[in-house]
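Asker: Show me the folded form of this:
(2 chains)
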Amino acid sequence: MFQDRMGLLSDPNRRRALTNLLTRLNTPICVLCYLAGVAWFMGLAFEPFTLRTYMSENAMGSTMVEERFPAGERALVTAREFGAHKRKSGAMPVDWLVKTMQSRGLEVYTQSFSRRLPFPDENKERYMVRGTNVYGILRAPRAPRTEALVLSAPCSPDNSNNQAVGLLLGLAQYFRSQIYWAKDIIFLVNEHDLIGMQAWLEAYHHTNITGMDWAPLHGRGGSIQAALSLELSSDVVTSLDLVLEGLNGQLPNLDLANLFYTFCQKQDILCTIQEKLQRSDWDSVSGYSQAVQTMALMVLKQASGRPWGDHGLFLRYHIESATIRGINSFRQYKTDTTTVGRLLEGMFRKLNNLLERLHQSYFFYLLPSLSRFVSIGYYMPAFGFLAVILLLRALDLWVQLGALPSVTEDGVGVTDQSSSPSLVSILTPVVISHLTGAALYTLPVLSQELAVQHFPVSETEAVVLTAIAIYTAGLALPHNTHRFMLAEGTEQGWRVLKLVAVLYLAVLLSCTALINFSLGFILALTLVPVAAFVTPHVPKVLSAVVMVLLAPGCTLLYCVFAFQELQEAPVSLIDGWMLFLSVISQGMLDHALYGSLVYPLLALFIYPCWLILWNILFWK
Amino acid sequence: MPTLTLASARSPFRDEFAEELAIRPLHSGDIHASFQFRTVWGVDLLQATDPRFLRYAILPREIVCTENLTPWKKLLPCGSKAGLAVLLKSEKLFHSSYFSQAVHIRPVCQGMHCTVPSWEMRQTLNVVFDLYTSGQGKREWSMFKIKIYVDVTDSPQGELFELSPPTPLLSQAVVLGDRRTYSVYDLTDPGTFGKVRSLNLLVRWKADNGDMLRPLLHGERYVAGFGLQTGEIHTLIYNNHPYRAFPVLLLETVPWYLRLYIHTLTVTSKNRENKPSYIHYQPSKDRLRPHLLEMLVQLPPNSVTEVTVQFERALLKWTEYPPDPNHGFYVGSSVLSALVPSLVAMDTNITQEHPLFSSFFLCKEESSYFMRVYTEPLLVNLPTPDFSMPYNVICLTCTVVAVGYGSFYNLLTRTFQVEEPSQSLAKRLANVIRRWRGVPQL
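Answerer: Model (predicted):
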């Protein structure tokens, strides 16, 4: 009677049947799950499966604003003047900016900063960075300085982005004569792009996360509610591109993207995301492939964990922000600066109407186009299918571990003296793998001077090559690991070790995917098959080749090629390799300069985890 | 001085009303207008103030608007029907960049030996008309038909700006420790209007935008840090006096939901620790009373003193959140009170002949004047639950996961063995009888 009422899992017979089913069908189920995960992900870009974007924030939805910004031409004149001053002084014309901002009725302050990079940045050719940020505050009339909005334009050393500064000054002048502002507006021109922005933000919030030297700010505007960063390098633009991906894959609230899209529609401006125009023919192959490419680009950019515009650093401070980038291509349809100014005016007026911070809409999303989005509830199953493979493998191993003694009694397996493997034999590979990871994390930057002295390479090359050397040296670990072990590895030993590794990987990837879905998903795509199939009994050479090809380092290499391909700028193998090297150095710099977590995650956790699996392959 | 005496049954000495307008062209080109009204009425008995009944309260979120102005105007003897109050048109006043209105009530003495006790109600309204929003960027301004003091201290000979028509009447007063000269246009005097019977007062600027003058004492406050767990309140107190140090009393009331770590309180000036000579701290009680922190800090000359204290953001109960929790929570402004050293020696004359605003800031000492500065309020975000659907989804998901996990855990850890149930005595007896009878057993 009691047995009849027992649940599915408590009934020993049914339980045995279920575990039998799971162990017998484990491999097919895992393959199915993997295919389902990939298919689900590819399906996300299919338009009927996605949702249309909509404005969730009441304060920005229903209120009407009228844009009247008239002075686009004058802004361009200011831009040329700025360019002339910049050329003359060879750096940012701080005095001219201060004077111009003051004459437009702003409260102007400057901030100087300096930063020594851990090693020279060869992409931007900088090592010791000194600069000055100039910002002017438009005080909202009668408001108590509690809230602020930021409009920023980076001042780059070459001739680009002058138009952005011109438009910023033009908008400042126009905004100053309006009385409807309820939030202070900060107009910021930052030097040395992200480094200047980091210095300004750290000083504004009086924190020091990255060890930068900055002068304290003397004027503030309260808590910043939203920020827009502007990049314009031509007098007319054909389209505006919205950049959302920020530090560590953080994204601003979707309402900010909706706001941009709404005003592009209203002002009749072509707007893109990932520099890809939306197509209306979603049911055709090319329309679908366009959506997939847009989404894949977003995934790759988000996974990189680096800020893709000056807005990216605001997100750490819970400030919703985006970069608006003017694109001038060979299209017929051109938009003048006045219209771009009106777009920004409209966006700022709506942001000014905000009663609360932007919080109504999604923070976790993927965009296959500007008008369609995939929310976290839709894209998580794609990762879930991959993660469940790890759990199934773990279950299988667990069941095998429980069943193993009976196998040995039958005399089929090797008879062991101790039924359970010693803790040391399991811990040794785990600890050694993590030590290698720690070496990969710390040594490249620490040993650059040593490397430069002994080899004919520059500092940057030294750092990158050291990293690659340590990474490769890690592959020789299994031989060294066994030296530390007193007893021979047992059949049960590798099973326990693999169980630990698989569960560890599952936890790592799940946590990563929760914070940065793209990174978690890309890592899962390559690491999950490795974790699923590796045993000491598979053919060694072939498996070793497959494992190396699916290692985190190679994943990064594939991502570099895929990114170039998706951007319609394919590279040759040699160029791709050079790009790969520079991506590694950029990743380390991003970590040191802005606190990006991708490099430490890969070096300290993912790579050691992969090394444990590598150890299992060569288990003796 | 335009003094309007109310018709009253009492002696005219005891009930009186005075009003005036002081205008100061600021260096930036903005215009500062200060309206002053004083109502004095006699009472028969003045009670001494009992400090036990002193209360201090702030409402940091209030933004002044017409709703605040109308009742304020009703406190005037003639409302907005007569006198300077006619000028207080809200649609113009609220198109300004700064607006502040105040009511002060205090007991005053009339006569030499303080024989007649009376109350004084002082109403002040300060507005800064913005150069860029109300003047379209033009720095010249003019006006009609009001009675005015125009501050010409910075331009005694008309170097900086020129007043037209010129007036021979000059008046000197000490305001905030600074001797200032005023051109006076007395509208009660028909001579002011000249022959055309109208006065068009005009300021014409000669010099370019000047530097912004910083007041001797001012403060600034902000929240440092990021994230929703901890933070730090920074209060910057500026002493811009070139050579005099003076003490300042800092009063902070912080709501209980910012849990101040008082051991992290630091006061630094010029990169050195500045030990406050007096600290009074009353810790908060959750949901009952805020933190109260009062301290006396000596400000070195020409310095910035930074007071920092760390706090932790408390978790509120979910019913305690306001309807707009994501806006953030306000922390009221801190108050700096100080005797600021004066730039000139204080006039000791009786204030009767002097403008009202000169006597408004009471002087305790000859060489200093009392000043109270309010810093800006703060807007702090507290950890806020997502009150919308995802919150429920998370709860549901957690439940489902917990149930699933429970089953799996059961499966992995428990073993079940089939056990033959032992038969009861009655059943065994029944079976014995059945066997004896030859019928199938139970």
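
Asker: just how off-centre is stretch A:294-306 within its chain?
Answerer: Remark: stretch A:294-306 is offset 6 Å from the chain centroid, using Cα atoms, centre = their mean, to the nearest Å.

Asker: right, I mislabeled it, should have said stretch A:303-321
Answerer: Distance, centroid of stretch A:303-321 to centroid of chain: 9 Å (Cα atoms, centre = their mean).

Asker: so does that stretch get close to chain B?
Answerer: Yes - Stretch A:303-321 is in contact with chain B by Cβ under 8 Å from any Cβ of the partner chain, via A:316-318. Where C-beta positions appear, they are placed from N, C-alpha and C, glycine not excepted.

Asker: Spell out which parts of the stretch 101-250 of chain A neighbour chain B.
Answerer: Residues of the stretch 101-250 of chain A lying near chain B (Cβ under 8 Å from any Cβ): A:102-103, A:105, A:139, A:141-147, A:176-179, A:205-207, A:220, A:222-223.

Asker: go again using 7 Å as the cut-off
Answerer: For the stretch 101-250 of chain A, the contact set with chain B under Cβ under 7 Å from any Cβ of the partner chain comprises A:105, A:139, A:141-142, A:144-147, A:176-177, A:179, A:205-207, A:220, A:222-223.

Asker: For chain B, what's the nearest residue on the stretch 101-250 of chain A?
Answerer: The minimum distance from the stretch 101-250 of chain A to chain B, using Cβ to the nearest Cβ, falls at A:His206 (3.4 Å).

Asker: re earlier: which among the residues of the stretch 101-250 of chain A next to chain B count as buried?
Answerer: For those, a burial check counting by 16 or more other Cβ atoms under 10 Å in any protein chain shown picks out A:105, A:139, A:141-142, A:144-147, A:176-177, A:205-207, A:220, A:222-223.

Asker: does B:Arg221 sit in a helix, a strand or a coil?
Answerer: Look at B:Arg221: counting by DSSP: H, G, I helix; E, B strand; the rest coil, its state is strand.

Asker: Assess the claim that it and B:Glu232 are in contact.
Answerer: No - using Cβ atoms under 7 Å, B:Arg221 and B:Glu232 do not qualify as a contacting pair, with a distance of 11.2 Å.

Asker: Tell me which of the two has more neighbours.
Answerer: B:Arg221 (22 against 18; other Cβ atoms under 10 Å in any protein chain shown).

Asker: In space, what's closest to the more buried one - neighbours in sequence excluded?
Answerer: Nearest non-adjacent residue to B:Arg221, counting by Cβ to Cβ, 6 or more residues apart in numbering or on different chains: B:Thr375, 4.2 Å away.

Asker: Kindly provide the distance from A:Asn615 to A:Val500.
Answerer: Remark: distance between A:Asn615 and A:Val500 (Cβ to Cβ, to the nearest Å) = 11 Å.

Asker: if you count what's nearby, which of those two comes out ahead?
Answerer: Using other Cβ under 10 Å as the criterion, A:Asn615 and A:Val500 rank with A:Asn615 on top: 25 against 18.

Asker: Just give me the neighbour total for the closest residue to A:Ser371 other than its chain neighbours.
Answerer: Excluding the flanking residues, the one nearest A:Ser371 by Cβ to Cβ, 6+ apart is A:Thr53, at 5.6 Å. A:Thr53 has 21 neighbours, counted by other Cβ under 10 Å.

Asker: got a list of what A:Thr53 touches?
Answerer: By Cβ atoms under 7 Å, 6 or more residues apart in numbering or on different chains, A:Thr53 lies in contact with A:254, A:258, A:261, A:371-373.

Asker: tell me which of these is nearest to A:Leu450?
Answerer: Closest approach to A:Leu450 among the contacts of A:Thr53 (Cβ to Cβ): A:Leu254, at 48.3 Å.

Asker: Just the buried ones out of the contacts of A:Thr53, please.
Answerer: Counted by 16+ other Cβ under 10 Å, those give A:254, A:258, A:261, A:371-373 as buried.

Asker: and chain A, which residues reach chain B?
Answerer: Checking chain A against chain B by Cβ under 7 Å from any Cβ, the hits are A:9-10, A:12, A:15, A:105, A:139, A:141-142, A:144-147, A:176-177, A:179, A:205-207, A:220, A:222-223, A:316-318, A:355-357, A:359, A:398.

Asker: rewinding a little: distance-wise, check the residue nearest to A:Ser371 relative to A:Leu230.
Answerer: For A:Thr53 relative to A:Leu230 (Cβ to Cβ), the value is 22 Å.
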